[in-house]
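Visitor: output the structure for:
(4 chains)
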Number of protein chains: 2
Amino acid sequence: MPAQLPSIVDVARKAGVSIATASRVISSSTYPVSATTREKVLAAAKELKYMPNSLARSLKVQRSKLIAVLVGDNTDPYFAQVARGVEEIANAHGYLTIMCNTERDPARELAYLQTLQDYRADGFIIAGSGLSETDYAEQEQINELVQKIQGRGAAIVTLSPHSIQAPSIQSDNIGGAYELTSYLISLGHRRIAFVTGPAHVTVSELRQQGYTRALADASIPFAPELILTGDFTQAGGERIAATLAQMPVDQRPAAIFASNDETAFGLMNGLRQQGWRLPQDISICGFGDIPMAPMVIPSLTTVSISLRELGRAGARKILSLLQNHQTEPTIEIMPATVIKRDSTIPHP
Amino acid sequence: MPAQLPSIVDVARKAGVSIATASRVISSSTYPVSATTREKVLAAAKELKYMPNSLARSLKVQRSKLIAVLVGDNTDPYFAQVARGVEEIANAHGYLTIMCNTERDPARELAYLQTLQDYRADGFIIAGSGLSETDYAEQEQINELVQKIQGRGAAIVTLSPHSIQAPSIQSDNIGGAYELTSYLISLGHRRIAFVTGPAHVTVSELRQQGYTRALADASIPFAPELILTGDFTQAGGERIAATLAQMPVDQRPAAIFASNDETAFGLMNGLRQQGWRLPQDISICGFGDIPMAPMVIPSLTTVSISLRELGRAGARKILSLLQNHQTEPTIEIMPATVIKRDSTIPHP
DNA sequence: TTGTATGCGTTATCAA
DNA sequence: TTGATAACGCATACAA
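Guide: Below you'll find the model as predicted:
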């Protein structure tokens, strides 16, 4: 038998004022209320330990102060950092952050969009799971839903390339990969392998573009056999390490650029188990600069994309969109910087 | 000029039925509705692309289907795993998970509790930030708030020792630490150091208890100088490594038990910089078994406490509490198991 | 099986 | 400056 919480009606009664005036002081409206009655209301509220019902308020004012952050997996350091940045800004502005793990599954992404549309979330930050594939089943429904969400005045921002038509803030995947590859080249490496992420994940594809361009700009011929298929996991990296060990010695790459840090860790671990010495036998680098990157031995050369700042920027964008309603799919790029560490050394 | 979304009134009108019947089929109530009218309503809803307003529903039925998960920092792998487990179960049961980073600050914890009480969250999972200190300023307010939350039928569960009086599910910190210490002893070590967490963090204190008991049971005298003060961070571990290197050789520990994995990583890194060889010069182990633990070299011996399962258990507990209203501060213990890896070797 | 009407707790409009 | 009341969108007790 749960007890009822006092409502604003109780506060008004106890203070001996109308429910309207009670509401005015509680909601700290700009509407004029005399100092004395304000005090009375405040006193009554405190005495009753009144706590406003945000659901009722949200229903009435048509904004929930809820922000959904859709991530592939909140356990992944990449998404964790982004989500943290979002929560930081959101919380500072009185918004709540709802964590949605889509598992990079469009069906789950759609389901969460739907659920949070039902809750009338004010903002949606799509942090990942951007698939380049243009024909997955949910595509159409998602786009339609996005339209409705924007139509009712809610804001959507994507933080990676995505089929969703909405403003986007992205880290400089191409530029970062270009710089990193160029750095490897400057170290004297020419046979540089690239490990992709899961199929159709756009950030991986963009990084590959940067890699390809850097090679081209250095007039290094592209070698298809040096493109290895990973999946953004450590296990995937280890699998590739096994493959690498099978390659004829003269075909082996002198350096490997893994499209994310986890994969690089898997590579390091796997290669070491095969008896390779790091970084003497091969230079390895990753992408993302997750917290563990400086900790491993040898410390990992990688690209820092300031995930937390990306999350902050996304949240700020949501807040500004909520002010001046805009839906054009503009795109802002956040800088990425190469972090040189010990896992990459000059070519012998 | 945001467009209005269709309401159930529109659906009812379009279907040519009363609001009540429309509501019955939309909310899939058990209330009998003829097949034909049901079809009409469904058709109207689909045509209007109707999406129910969860805020209104929540306000009416007095349950929000919101679960708050209070963590110290969602970026910390410990909390990330727990939160993932919570979200997994919550989502499967139609609940939304709200991420609250308290930064281990009681003031922020209180603020979030308050905010989510305002949103009438159905469940609160306090995953961390349990302080053993009994006299921080917010103590009283938090307890009072907890009473009100439980009083209105919402559920609270803590996942670590906490001053909050509520059902709790905890991993076996004492037992795990006891087993781990015993394992070190079985390897022949006698001078075993213990690195604490931040002051007053209870999980750290419990782990220390396990450590102390294991020593006592093995009749190894307790050496106060072997208790080192850490803070659960890598940087803290590195700091301690520097201290360790200063110690007279004959006073140095043969093994170190760091109260969490991050600290152990910091130790490993710091000691290596001082020229120590691992694990030959010293055995190191941690607590938590975060994803990185098997990846570092040497792989880290630690205690696995199945964080994700802890999160799941917490969420399940919330769901069951929502059924049979209970507030007694019972406590369930989840097993912890020692994971033996390469960072610990027999004493020479 | 369907419909009417009330209320969940707010805010906002209008009149006083 | 204050107050009565409608409305936000939905679910349900009660009537029919």
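
Visitor: enumerate the residues of the stretch 151-300 of chain A near chain B.
Guide: Residues of the stretch 151-300 of chain A found near chain B (Cβ under 8 Å from any Cβ of the partner chain) are A:151, A:152, A:153, A:234, A:265, A:269, A:272, A:291, A:292, A:295, A:296, A:297. All C-beta atoms are positioned from the backbone trio N, CA, C, and that covers glycine.

Visitor: the same query, at a cut-off of 10 Å, please.
Guide: A:151-154, A:234, A:237-238, A:262, A:265-266, A:268-269, A:272, A:278, A:290-292, A:294-299 (Cβ under 10 Å from any Cβ of the partner chain).

Visitor: now intersect those residues with the helices, please.
Guide: Counting by DSSP state H, the part of these found in helices is A:151, A:234, A:237, A:238, A:262, A:265, A:266, A:268, A:269, A:272.

Visitor: from DNA strand D, how far out is the residue nearest the centre of chain A?
Guide: The residue lying closest to the centre of chain A (Cα atoms, centre = their mean) is residue A:127, at 3.4 Å. Computed as Cβ to the nearest atom of the strand, to the nearest Å, the residue A:127 to DNA strand D distance reads 28 Å.

Visitor: I'd say that residue and residue A:310 touch.
Guide: Yes. Assessed by Cβ atoms under 10 Å, residue A:127 is found in contact with residue A:310 at 8.3 Å.

Visitor: how about stretch A:98-109, which residues are buried there?
Guide: If you call a residue buried by 16 or more other Cβ atoms under 10 Å in any protein chain shown, then stretch A:98-109 has these buried ones: A:98, A:99, A:100, A:101, A:102, A:104, A:106, A:108, A:109.

Visitor: before we move on, what about stretch A:200-215?
Guide: A:201-208, A:210-215.

Visitor: now pLDDT and distance to DNA strand D too, for those, in JSON lines please.
Guide: Formatted as JSON lines, the buried residues of stretch A:200-215 follow (pLDDT from 0 to 100; distance: Cβ to the nearest atom of the strand, whole Å):
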{"residue": "A:201", "pLDDT": "84", "distance to DNA strand D": "36"}
{"residue": "A:202", "pLDDT": "85", "distance to DNA strand D": "35"}
{"residue": "A:203", "pLDDT": "88", "distance to DNA strand D": "37"}
{"residue": "A:204", "pLDDT": "93", "distance to DNA strand D": "40"}
{"residue": "A:205", "pLDDT": "94", "distance to DNA strand D": "40"}
{"residue": "A:206", "pLDDT": "94", "distance to DNA strand D": "40"}
{"residue": "A:207", "pLDDT": "97", "distance to DNA strand D": "43"}
{"residue": "A:208", "pLDDT": "97", "distance to DNA strand D": "45"}
{"residue": "A:210", "pLDDT": "98", "distance to DNA strand D": "47"}
{"residue": "A:211", "pLDDT": "98", "distance to DNA strand D": "49"}
{"residue": "A:212", "pLDDT": "98", "distance to DNA strand D": "50"}
{"residue": "A:213", "pLDDT": "98", "distance to DNA strand D": "50"}
{"residue": "A:214", "pLDDT": "98", "distance to DNA strand D": "53"}
{"residue": "A:215", "pLDDT": "98", "distance to DNA strand D": "55"}
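
Visitor: ok and the residue in the stretch 151-300 of chain A nearest DNA strand D?
Guide: residue A:152 (9.1 Å; Cβ to the nearest atom of the strand).

Visitor: residue contacts, the nearest residue to that residue once chain neighbours are set aside?
Guide: Residue nearest to residue A:152 in three dimensions, not counting chain neighbours: residue B:2, with 5.0 Å by Cβ to Cβ, 6 or more residues apart in numbering or on different chains. When contacts are counted by Cβ atoms under 10 Å, 6 or more residues apart in numbering or on different chains, residue B:2 touches A:62, A:63, A:150, A:151, A:152, A:153, A:154, A:325.

Visitor: quote the end-to-end distance of stretch A:60-78.
Guide: Start and end residues of stretch A:60-78 are separated by 37 Å (Cα to Cα, to the nearest Å).

Visitor: do stretch A:319-338 as well
Guide: This stretch, stretch A:319-338, spans 31 Å end to end (Cα to Cα).

Visitor: ok, back up a step: just the buried residues of stretch A:98-109 that are near DNA strand D?
Guide: Among the buried residues of stretch A:98-109, proximity to DNA strand D is found for none (Cβ under 7 Å from any atom of the strand).

Visitor: let me know the helix or strand that residue A:322 is in.
Guide: Element membership of residue A:322 [criterion: DSSP states H and E] is helix A:307-323.

Visitor: who are the packing partners of the helix or strand following that helix?
Guide: Note on helix A:307-323: by DSSP H and E, the next helix or strand toward the C-terminus is strand A:331-334. Counting contacts by 3 or more Cβ pairs under 10 Å, 6 or more residues apart in numbering or on different chains; DSSP states H and E, strand A:331-334 packs against strand A:168-171, helix A:173-186, helix A:307-323.

Visitor: which one of these is the most hemmed in?
Guide: Mean neighbour count (mean count of other Cβ atoms under 10 Å in any protein chain shown) peaks for strand A:168-171 among the helices and strands packed on strand A:331-334, with a mean of 24.

Visitor: who are the packing partners of that one?
Guide: So strand A:168-171, by 3+ Cβ pairs under 10 Å, 6+ apart, packs with strand A:155-158, helix A:202-217, helix A:307-323, strand A:331-334.

Visitor: please identify which of those is closest to residue B:119.
Guide: helix A:307-323 (18.7 Å; Cβ to Cβ).

Visitor: quick one: mean pLDDT over that closest one.
Guide: Mean pLDDT, computed over helix A:307-323, is 96.

Visitor: would you enumerate the residues in contact with residue A:21?
Guide: So residue A:21 contacts A:12, A:15, A:29, A:31, A:33, A:34, A:37, A:38, A:40, A:41 (Cβ under 10 Å, 6+ apart).

Visitor: tell me which element the first one is part of?
Guide: In this structure, residue A:12 sits in helix A:8-15 according to DSSP H and E.

Visitor: give the buried residues for the very next helix or strand once past that helix.
Guide: Scanning forward in sequence from helix A:8-15 by DSSP H and E, the next helix or strand is helix A:19-26. Across helix A:19-26, burial judged by 16+ other Cβ under 10 Å covers A:21, A:22, A:23, A:24, A:25, A:26.

Visitor: domains of chain A?
Guide: Domain ranges of chain A: A:8-52, A:62-171+A:307-334, A:173-305, per automatic domain parsing.

Visitor: the first one and DNA strand D, are they touching?
Guide: Yes. Contact between domain A:8-52 and DNA strand D, assessed by Cβ under 7 Å from any atom of the strand, occurs at A:17, A:18, A:19, A:20, A:21, A:31, A:32, A:33, A:34, A:36, A:37.

Visitor: so can I have TSV of those residues showing distance to DNA strand C and pLDDT?
Guide: Shown next, in TSV, are those (distance: Cβ to the nearest atom of the strand, whole Å; pLDDT from 0 to 100):
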residue	distance to DNA strand C	pLDDT
A:17	11	97
A:18	8	96
A:19	5	96
A:20	3	96
A:21	8	97
A:31	7	90
A:32	10	90
A:33	12	93
A:34	12	93
A:36	17	94
A:37	13	96
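
Visitor: nearest to DNA strand D: which residue in the stretch 51-200 of chain A?
Guide: Counting by Cβ to the nearest atom of the strand, the stretch 51-200 of chain A gets nearest DNA strand D through residue A:60, at 3.7 Å.

Visitor: can you give the contact residues for stretch A:24-39?
Guide: Taking Cβ under 10 Å, 6+ apart as the rule, stretch A:24-39 contacts A:8, A:11-12, A:15-18, A:20-23, A:40-42, A:44-45, A:50, A:52, A:57, A:60-61.

Visitor: would you indicate which residues of that stretch are buried?
Guide: A:24, A:25, A:26, A:33, A:37, A:38.
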